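> Just need the structure, nothing else, for what follows:
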Amino acid sequence: MEDLLILVDLNNQQIGTAGKLRAHQKGLLHRAFSIFLFDREARVLLQQRADGKYHSPGLWSNTCCGHPRLGEKTVDAAKRRLMEEMGLACELAERFTFTYQAQVSQALMEYEYDHVFVGISDATPNPAPDEAKAWRWVHPLDLQDELENAPDTFTIWFRTMIERYGLNEIAKWAGSSEHAPSPSLTHSIPPSVDPFHLPRWLETATYPLSPFTDQVQQHTRQWLKSMGLEDSPETTRRLDIYVPGKYAGYMWSAAPLEILIILSDLLGWFCCQDNLADEDCNNPEGLERLIRGVYTTAFTRDTTNREPLARALADIIRRASRLMPPLWKQRVGEQYSTYLMPSTTALMHRINHTQPGVEGYETLWQNGGGFQVCLEFIYLVQNIQLSSSLYYSQPWQELRSLTLNLLKAVNDLLSFRIMENPDEDIYNLLTHLRHTQGLSAGQAASQVSQRIDQWATHFARAQAALPERLAALGYEERAQEQAMICAQAMHDLWRGNIAWHLAVPRYREIRFKGE
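Residues are numbered from 1 along each chain as shown. A predicted model of the protein is given here:
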């Protein structure tokens, strides 16, 4: 009888079960574990998977991996599989959890909520022949050359962990089998005394960062200067605290260098546009001309506009469009055009010292920050163009809307206190709740944090259910696979947005003194 895997959401809450083969064919998020066993010399035990394994046969990997059974504690499952695979028994301590998604064969995809366990043992392994055909003890730092010269001899999940955490960090695990220290990306004020915090499980998560981050950051600053956009001390200050290369490195951590450069330039460009359309802007006609001029130059054949902001976005779109079908550029242009209404409407509210009402607020709020444009670039990263029927289908638009909610709400929550007068940020959700529901700043912050928690949980469930929902609508497996890849990219996008907010100096200063 085929093993049943436990399907979970991004909170590790069980949402169903699926057979092992089906879970891997559909790329369904499921609970799993990985074991790293060290000896007293700080060497890690690696196993070479048996040739009969249904995926990743013959590849080297960490000591042991597996899935808990229904009703089985994950640590008990880890101990069980360690004995079944390697003939070893020892105490194990859970160090951390992380999620990853990776194609392990042409037809199979791993998508795991992985519990990582560490143990110490000097015993000699006695592996089951149908599980592992070889084993060896090796110091993690001695794997560097192998990983560089023969990466395909290791399993994708083992390489993923090394890419995310580094051999130096993994080597430290040998020093203790206790729980890991607090992650580095955490809020400086305990949530118990500060309402302006994200849900705990998101605030203390581990987030991958692209290895090309510093390289693309340097490129973007040089590119902005060449375009005439970093042309004042105030713009330089904003870019210093905005760090567009790091933003791109978190939101698209798996993107190749060529693509990440484009993405970093895009985020640097948005920083410069925000500088022109922020609270200091008081000319509605000028703002409309600016946004329309940028659209015309970047998305039509009209190249007469030599204004730096327009020329710069046109350069980004030109580079990206070389790699994508024409329809992609048209969709990006449509999303950029939605930026005009919230920008000019917000300016009119600021000029007249008014606040928007409830009706129509959600659409303007979602499109008020430019995130709708950034979202379209996930298709560039994945080199996927979704068909029109799938792109506009209800399941896909639901995921897209949830992504925009999460991108905007995180920004609103963490940016509220860095403004002296948040009322000037018309489309900050906390400001909206204060004026439409009479909430205090702290109450609004708590409500937005709760919404982020709910939207993130809803996203996880919608992502897990996406293949079945698309199948019910008649989409073929290839279309389902493409959608799942792009859904994971959307997941990585909104989580990368969280990581950037927690990491950059932009959100360290507290200027809001009111309530």
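> any weak-confidence spans in the chain?
1-2, 176-194, 275-280, 513-515 (pLDDT under 70).
> Which of the residues in the lengthiest helix in it are classified as buried?
As assigned by DSSP state H, the longest helix anywhere in the chain is helix 441-472. Buried residues in helix 441-472, defined by neighbour count with 16 or more other Cβ atoms under 10 Å: 441, 443-449, 451-453, 455-467, 469-470. Any C-beta I mention is one placed from the backbone N, CA and C, and that applies to glycine too.
> Stretch 429-441 too?
L429, L430, T431, H432, L433, R434, H435, L439, A441.
> quick one: N411 from Q366, how far?
12 Å (Cβ to Cβ, to the nearest Å).
> make that G496, sorry
G496 is 18 Å from Q366, by Cβ to Cβ.
> before we move on, what about R292?
According to Cβ to Cβ, R292 stands 21 Å off from Q366.
> Looking at those two, which is more packed in?
More crowded of R292 and Q366, by other Cβ atoms under 10 Å: Q366, with 20 against 14.
> Just give me how far the longest helix of the chain sits from the chain centre.
14 Å (Cα atoms, centre = their mean, to the nearest Å).
> What of stretch 428-448?
Distance, centroid of stretch 428-448 to centroid of chain: 26 Å (Cα atoms, centre = their mean).
> give me the element the residue lying closest to R451 once chain neighbours are set aside is part of.
Counting by Cβ to Cβ, 6 or more residues apart in numbering, A409 is the residue found nearest to R451 once chain neighbours are left out, at 5.9 Å. Assigned by DSSP states H and E, A409 belongs to helix 394-415.
> What's the first helix or strand after that helix?
Trace forward from helix 394-415 with DSSP H and E and the next one is helix 429-437.
> Other residues contacting that next one?
355-358, 361, 365, 408-409, 412-413, 416, 422-423, 425, 439-441, 443-445, 447-448, 451 (Cβ atoms under 8 Å, 6 or more residues apart in numbering).
> One more pass at 6 Å, please.
Q355, V358, A409, D412, F416, P422, D423, D425, L439, A444, V448 (Cβ atoms under 6 Å, 6 or more residues apart in numbering).
> export that helix as CSV, just CAs?
Once non-C-alpha atoms are left out, helix 429-437 reads as follows in CSV (Å, rounded to 0.1, in the frame of the first residue of the first chain):
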residue,chain,number,x,y,z
LEU,A,429,-4.0,50.5,5.4
LEU,A,430,-3.4,51.5,9.0
THR,A,431,-4.3,55.1,8.2
HIS,A,432,-7.4,53.9,6.4
LEU,A,433,-8.5,51.8,9.5
ARG,A,434,-7.9,54.7,11.8
HIS,A,435,-10.1,57.1,9.8
THR,A,436,-12.9,54.7,8.8
GLN,A,437,-13.2,52.6,11.9
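> Also compute the angle for it relative to helix 441-472, please.
110 degrees (axes from the mean of the first three to the mean of the last three Cα atoms, to 10 degrees).
> how near is the residue nearest to R451 to L92?
From A409 to L92 the distance is 37 Å (Cβ to Cβ).
> Whichever helix or strand Q372 is part of packs against which elements?
Under the criterion of DSSP H and E, Q372 resides in helix 371-376. Judged by 3 or more Cβ pairs under 6 Å, 6 or more residues apart in numbering; DSSP states H and E, helix 371-376 is in contact with helix 326-337.
> May I see the buried residues of the very next helix or strand once past the helix it packs on?
Downstream of helix 326-337, the next assigned helix or strand under DSSP H and E is helix 340-352. Residues of helix 340-352 classed as buried by neighbour count (16+ other Cβ under 10 Å): L340, P342, S343, T344, T345, A346, L347, H349, R350.
> what's the fourth one in contact with, if anything?
When you say that, I think you mean T344. P284, L287, E288.
> Just the buried ones among the residues you listed, please.
L287.
> Dump the contacts of T344 into a markdown table; add secondary structure and distance to H197 as well.
Putting those into a markdown table (DSSP: H, G, I helix; E, B strand; the rest coil; distance: Cβ to Cβ, whole Å) gives the following:
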| residue | secondary structure | distance to H197 |
| --- | --- | --- |
| P284 | helix | 36 |
| L287 | helix | 34 |
| E288 | helix | 37 |
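> and which of the contacts of T344 is nearest L267?
Nearest to L267 among those, counting by Cβ to Cβ, is L287 at 20.8 Å.
> so how far is N367 from the closest one?
15 Å.
> Which residues are in contact with F36?
Counting by Cβ under 6 Å, 6+ apart, F36 makes contact with V44, N62, T63, V118, W173.
> Going along the chain, name the strands of the stretch 101-250 of the chain.
Taking DSSP state E, counting those that start in this stretch, the strands of the stretch 101-250 of the chain run over residues 109-120, 132-138.
> Tell me the strands beside the last one, with direction?
The sheet places strand 132-138 alongside strand 44-49 (antiparallel), with pairing taken from DSSP bridges.
> mind checking how far the partner strand is from the chain centre?
For strand 44-49, the distance to the chain centre is 30 Å (Cα atoms, centre = their mean).
> go on, stretch 295-310?
31 Å.
> what's the domain layout of the protein?
If you go by automatic domain parsing, the domain ranges for the chain are 4-175, 200-507.
> Residues contacting the strand or helix carrying W365, please?
Here W365, judged by DSSP H and E, is contained in helix 361-366. Here helix 361-366 makes contact (Cβ under 6 Å, 6+ apart) with P342, L404, Y427.
> So which of the residues you listed is the closest to P308?
Nearest to P308 among those, counting by Cβ to Cβ, is P342 at 23.0 Å.
> Contacts only, for that closest one.
L364, N367, G368, Y427.
> I'd like to know how many residues surround A77.
Count around A77 with other Cβ under 10 Å applied: 20.
> measure the residue nearest to it when sequence neighbours are not counted to F270 for me?
In space, and not counting its chain neighbours, A77 is closest to P68: 3.6 Å by Cβ to Cβ, 6+ apart. From P68 across to F270, the span is 43 Å (Cβ to Cβ).
> Please apply the same query to R81.
Distance check for R81 against F270: by Cβ to Cβ, it reads 47 Å.
> same thing with A479?
31 Å.
> between those two, which one's more packed in?
In this view A479 and F270 are compared by other Cβ under 10 Å, and F270 has more residues nearby, 20 against 17.
> starting at the chain centroid, how far to the strand or helix carrying that one?
Element membership of F270, judged by DSSP H and E, is helix 257-277. Put simply, helix 257-277 sits 17 Å off its chain's centre (Cα atoms, centre = their mean).
> Outside of it itself, list whatever touches it.
Surrounding helix 257-277, the residues in contact under the criterion Cβ under 6 Å, 6+ apart are 210, 212, 216, 219-220, 223-224, 229, 235, 238-239, 242, 244-245, 247-248, 252, 287, 312-313, 316, 319-320, 343, 370, 377, 381.
> Same check on stretch 93-110?
With Cβ under 6 Å, 6+ apart as the criterion, stretch 93-110 contacts 24, 27, 55-56, 111, 113-118, 156, 160, 177-178, 180, 206, 488.
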